[in-house]
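A.B. asks: Show me the folded form of this:
(chains A and B)
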Amino acid sequence: MTDRYDAIVVGAGHNGLVCSALLAKAGKNVLVLEANEQVGGAAVTREFADGYSVSACAHLLYQLQPEVRKELELDPTLSCEDMTTIALAENGKHVRLTGVSAEGVSDEDAASYRRFRKRMTRFANLLRKYLNKSPPRLGTKDMKDLITLGQLGFDIRRLGKDEMQEFLRLIGMNIHDELDERFTSPLLKGAIGLDAVLGTHLGPRSPNTIMTYLYRLAGDQGRVATPEAGMGSVCNELAHAARVAGATIRTHMPVQRIIVENGRVTGVETDDGERFDSYTVISNADPKRTVMDLVGARHVETGFARRIHHLRAKGNAAKLHLALDGLPTIEGLSKKDFAERLVIAPDEHYVERAFNPAKYGESSPDPVIEMIFPSFRDESLAPTGKHVLSAVVQYAPYDLKGGWNDEARDTFYQAVIRTIAKYAPDIEQRITASELLTPADIEREFHITGGHWHHGELTLDQFLFVRPVSGAAQYRMPLDGLYLCGAGTHPGGGVSGAAGRNAARAILRREKAA
Amino acid sequence: MKNQPVHQGRLKTPFYSRLAQLDTVNEWHEWKGYSSANALYCEDMEYFAIRNATAVFDLTPMTKYRITGPDALDYLNRLVTRDMARIRPGRVAYAVWCDDQGQVIDDGTIFHLREGEYRLCSQERHFAWLQAAAIGFDVTITHETEDVAALAVQGPTSFSVLNTMGLEGLEELKPFGLTHCDFQGSELMVSRTGFTADLGYELWIDPDKAEALWDALFEAGKLFGIRAIGTHALELARIEAGFLAAHMEFLPADETVRTGRSRSPLELGLDWLVDFKKPNFNGRRALAEEKRNGSTWRLVKLDIDGNKPAHHSYIFGKEKGNKGEIGFITSAAWSPVCKQNIALGTVRTPHGKPGTSVWVEIYYQREMHWNRKMAKATVVDKPFWFPPRRGATPPGPY
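C.D. replies: Sure thing, here's the model as predicted:
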């Protein structure tokens, strides 16, 4: 006879930890099973070369929700906050974006940017309110759903007639057209375009890239920070909160399957054949992995299985880690600028062109790059005087033609280094070790189908009421006892904790109703 | 998947040459891409062939899928609402399958041809749905409508016809049983199934042998009143049998646009086909909830006063005042063999319990002028036509 838990959480990603901590705080007997040796999922710090550590996937904190911070009494120490985005120019005339201000552009562009950013922030704040709620169901008589829907309608209407029209016009639009209309500075357009498409299989001309931009802003009004000791510290803090609340966390326990008996979930079985019983299993894994691999399509209904099967979740962002024996030289940057966020996206066409090959299963020869030097203000990450470069690089399509073999990986690595070297000519001499994580590596190491950092493309057809798929957007899956709590559910990826918190609340509310 | 030529225009079944020879009225319609005869010479006479002799109906256009593979049984059990584990090789099951909301996509018959090898037959095409249902199963689904020629041989003398033709082993074939025989070196599958609620069989053969089969059948049937029939005669027999037809008693759920226009099996009187003991089948969650909360609609079989068929009629709870409309007729006919004015309809629950009465508003034309009458109708439980000979094993000879 094994113990029966009130809830088992599969995967100790940050959302799984938030969910388990909140459930444990509510008095539940919670077991968390993590496949890797470290908690955190894709939000971990790890040593990639002797003495050099880095946030393995997510490296910037810009979405951790105040609700989550408050309820779990989290207070991550930040090594850098309110980071400025510096759009690098080869000639050293960089553009700097901080809050609503843009430096290094014409006065007209600066004024336009201020207006643009204010409006976007207003829209993003509207969205933010709904990040922390279960998305309402459509066509229901449920009072709570109807109230949320009504609120959403009211909030949009309350923007005022013109702004409402603007919001509705923009939400499905591509960001390229909007940028082209408002700005002249190529660097400015490139940097905003990059923000809109980071982590997605989208280019600036793809539909709904304004929405993805808003999603990014919605987290914390676009404020970006790095946690001290890397992203792992946030998850360690979360794990601590969960343990204090009474949750049991066991690492190195890969769940092999979610057990379904008599049409309902009854527990999980690990790779070693160990079985844990619970009538509530919450998966922090992505929807495809959860339903297709862990549960098995045959245990759910056809329409649902089909929708999950067709979920678009092919990652396109790779992660590059460089161990450097010193800071590289970048023209036009002062030393303290290495504490900021640097982006390589010289114009909006550059970003779209970088995306073009990805449509056909090829990696970008001229990739777009978001990079930081987390060791600049955090000595724990690299030996004294040495540094770590952490970069998100696009586009590296998951289903690369011919697969991600050593040659393909090297080709892409060279392209990235070549691109960085345009701005930092001495970068290559500085490198003492490197690590490139393609979406295929991310899939393997972090167990995310397609290696997609949102666990599923963030597009209007997979957003809000229909995330991950229609009929299953409220964390509870159409299989008794099965819940999702990861980035594949509303609102999506990013270290926000919103999905985990919403899932915990949905589970507790349901229990109350039963 | 093998490449198949794309046909232009309307297809002719392998029996077309024989049907064309017998055809005098030239009334054809399209059935899933094929030409199918409404009638060949006289619907009434064709109908009486079903009830009094032997009627032969070309059902080649019926949609057929072959389902094979190690997971075939598990696959079907997830697909349909009834327990397919009870359907042994050599048996046929009437079954219904639903979408995730428990709404009927279609009904049909599943033939357990051999161990682990099945054929699913239905009126509509469902390849996309069957493929989607196959995600996660080791099964192969083959569309084989064109690869199998099929005839329904129905009526009291049908057994004698087949016996005379020299087919062996049919004496012991029970309703919903199937057997394989040899026909001129080809395999002929005979099932004791049909759409008429009478003694009858369906024959399934390689299209190359179709004409030879037809000829042998008609040769053997000469003295047993054998006749080819069209769909109109069959439709009348279908209503007498109380069988459902897609697009009549229900709309396939995947074709409805408005909510509430589809039907669940519970609303179609198919409770007996829904096995809640199975842990998972498509629509189970929704149907369990419907069972708890009650259904919205109920299918009714009506025995209506008078002799005016209640085509397209509204059904009322009371005779007077037309505010109390509770449903409508979906199929109606004067039944020659039952001498009854019969109909199938759909009414809102709790109306329509067997044994209760409802009122049917019938419009009929007499010398151009329209007349309206409210006819009393009794909800009946049993099929209108269900003769003992349908189930007799061995069937009585003629």
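A.B. asks: residues contacting B:Q365?
C.D. replies: By CB atoms under 8 Å, 6 or more residues apart in numbering or on different chains, the contact set of B:Q365 is B:N371. For the C-beta atoms, the positions are set from N, CA and C on the backbone; glycine is no exception.
A.B. asks: If you could redo that for A:A191, that was the one I meant.
C.D. replies: By CB under 8 Å, 6+ apart, A:A191 lies in contact with A:85, A:87, A:95, A:97, A:343, A:345.
A.B. asks: Pretty sure it sits in a helix.
C.D. replies: Yes: assigned with DSSP: H, G, I helix; E, B strand; the rest coil, A:A191 falls within a helix.
A.B. asks: separation between it and B:F384?
C.D. replies: Between A:A191 and B:F384 the distance is 76 Å, computed by CB to CB, to the nearest Å.
A.B. asks: returning to what we had before: which one of the contacts of A:A191 is nearest to chain B?
C.D. replies: A:A345 (39.0 Å; CB to the nearest CB).
A.B. asks: Return the distance of the residue nearest to the closest one when sequence neighbours are not counted relative to A:H349.
C.D. replies: With CB to CB, 6 or more residues apart in numbering or on different chains as the criterion, A:A345 has its nearest non-adjacent residue at 3.6 Å, and that residue is A:G190. Taking CB to CB as the measure, A:G190 falls 8 Å from A:H349.
A.B. asks: Which one's more surrounded, those two?
C.D. replies: Of the pair A:G190 and A:H349, A:G190 is the one with more neighbours under other CB atoms under 10 Å in any protein chain shown, namely 27 against 17.
A.B. asks: so B:L299, which of the three states?
C.D. replies: strand.
A.B. asks: Tell me, how many residues neighbour it?
C.D. replies: There are 23 residues near B:L299, going by other CB under 10 Å.
A.B. asks: residues touching it, list them.
C.D. replies: For B:L299, the contact set (CB under 8 Å, 6+ apart) comprises B:244, B:249, B:263, B:267-269, B:344-346.
A.B. asks: and with 7 Å instead?
C.D. replies: The contact partners of B:L299, taken as CB atoms under 7 Å, 6 or more residues apart in numbering or on different chains, are B:249, B:267-269, B:344, B:346.
A.B. asks: picking up where we left off before, keep only those of the contacts of A:A191 that are in strands.
C.D. replies: Among these, DSSP state E puts A:85, A:87, A:95, A:97, A:343 in strands.
A.B. asks: Columns neighbour count, pLDDT and distance to A:S470 on top of those, output as a markdown table?
C.D. replies: Formatted as a markdown table, the ones in strands among the contacts of A:A191 follow (neighbours: other CB atoms under 10 Å in any protein chain shown; pLDDT from 0 to 100; distance: CB to CB, whole Å):
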| residue | neighbour count | pLDDT | distance to A:S470 |
| --- | --- | --- | --- |
| A:T85 | 21 | 96 | 36 |
| A:A87 | 27 | 97 | 38 |
| A:V95 | 24 | 97 | 41 |
| A:L97 | 26 | 96 | 37 |
| A:V343 | 29 | 98 | 35 |
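A.B. asks: so which of those residues are also by chain B?
C.D. replies: By CB under 7 Å from any CB of the partner chain, no member of these lies near chain B.
A.B. asks: Check chain A for the residue nearest chain B and tell me.
C.D. replies: Nearest residue of chain A to chain B (CB to the nearest CB) works out as A:A297 at 2.8 Å.
A.B. asks: Where does pLDDT dip in chain A?
C.D. replies: A:1-2 (pLDDT under 70).
A.B. asks: In it, spot the helix with the most residues.
C.D. replies: In chain A, taking DSSP state H as the definition, the longest helix is helix A:107-131.
A.B. asks: Which elements pack onto that one?
C.D. replies: In terms of contacts (3 or more CB pairs under 7 Å, 6 or more residues apart in numbering or on different chains; DSSP states H and E), helix A:107-131 is packed against strand A:101-103, helix A:143-157, helix A:209-220.
A.B. asks: hmm, try it at 6 Å
C.D. replies: helix A:209-220 (3 or more CB pairs under 6 Å, 6 or more residues apart in numbering or on different chains; DSSP states H and E).
A.B. asks: Look up phi and psi at A:L436.
C.D. replies: With angles defined as degrees, to the nearest 10, A:L436 sits at phi -120, psi 120.
A.B. asks: likewise B:L120?
C.D. replies: Residue torsions, per degrees, to the nearest 10, at B:L120 are phi -110, psi 130.
A.B. asks: Neighbours of it, how many?
C.D. replies: By other CB under 10 Å, the residues close to B:L120 number 23.
A.B. asks: Enumerate every residue touching the residue of the stretch 51-200 of chain B at minimum distance from chain A.
C.D. replies: Closest residue of the stretch 51-200 of chain B to chain A, CB to the nearest CB: B:G136 (2.8 Å). By CB atoms under 6 Å, 6 or more residues apart in numbering or on different chains, the contact set of B:G136 is A:296-298.
A.B. asks: Spatially nearest residue to it, not counting backbone neighbours?
C.D. replies: Leaving aside its chain neighbours, B:G136 sits nearest to A:A297 (2.8 Å; criterion: CB to CB, 6+ apart).
A.B. asks: Please list all residues in contact with that neighbour.
C.D. replies: A:A297 makes contact with A:305, B:135-136 under the criterion CB under 6 Å, 6+ apart.
A.B. asks: now, which of the residues you listed lie within helices?
C.D. replies: Mapping the contacts of A:A297 onto helices (DSSP H) picks out A:A305.
A.B. asks: TSV please, covering the contacts of A:A297 and showing distance to B:T157.
C.D. replies: Below are those laid out as TSV (distance: CB to CB, whole Å):
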residue	distance to B:T157
A:A305	48
B:I135	47
B:G136	48
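A.B. asks: And the contacts of A:A297, which is closest to B:G317?
C.D. replies: Distance to B:G317, by CB to CB, is smallest for A:A305 among these, at 42.2 Å.
A.B. asks: Phi and psi next, for the closest residue to that closest one other than its chain neighbours.
C.D. replies: Excluding its sequence neighbours, the residue lying closest to A:A305 (CB to CB, 6+ apart) is A:A297, at 4.1 Å. Main-chain torsions, A:A297, degrees, to the nearest 10: phi -60, psi -30.
A.B. asks: Can you name the residue of the stretch 151-300 of chain B nearest to chain A?
C.D. replies: Closest point on the stretch 151-300 of chain B to chain A, by CB to the nearest CB, is B:P279, at 3.8 Å.
A.B. asks: out of the contacts of A:A191, what pair is the most spread apart?
C.D. replies: Distance extremes for these: the farthest pair is A:L97 and A:A345 at 11.9 Å, using CB to CB.
A.B. asks: which residues touch B:F386?
C.D. replies: Going by CB under 6 Å, 6+ apart, the list of residues near B:F386 reads B:A197.
A.B. asks: Find me the pLDDT at it, would you?
C.D. replies: What the model reports for B:F386 is a pLDDT of 93.
A.B. asks: Return the backbone torsion pair for it.
C.D. replies: Main-chain torsions, B:F386, degrees, to the nearest 10: phi -160, psi 70.
A.B. asks: Kindly provide the distance from it to B:G225.
C.D. replies: On the measure of CB to CB, B:F386 and B:G225 end up 22 Å apart.
A.B. asks: Repeat that for A:E103.
C.D. replies: Distance of A:E103 to B:G225, computed by CB to CB: 98 Å.
A.B. asks: Of those two, which one has the most company?
C.D. replies: Higher neighbour count among A:E103 and B:G225: B:G225, with 17 against 13, using other CB under 10 Å.
A.B. asks: Now A:E37: which helix or strand?
C.D. replies: A:E37 belongs to no helix or strand when assigned by DSSP states H and E.
A.B. asks: What is the neighbour count of it?
C.D. replies: When counting by other CB under 10 Å, one arrives at 9 neighbours for A:E37.
A.B. asks: How is the chain divided into domains?
C.D. replies: Defaulting to chain A. Listed by automatic domain parsing, the domain ranges of chain A are A:4-43+A:66-75+A:230-311+A:448-513, A:109-220, A:313-446.
A.B. asks: you looked at the wrong chain, it should be chain B
C.D. replies: Structural domains assigned to chain B are B:16-60+B:148-229, B:296-381, following automatic domain parsing.
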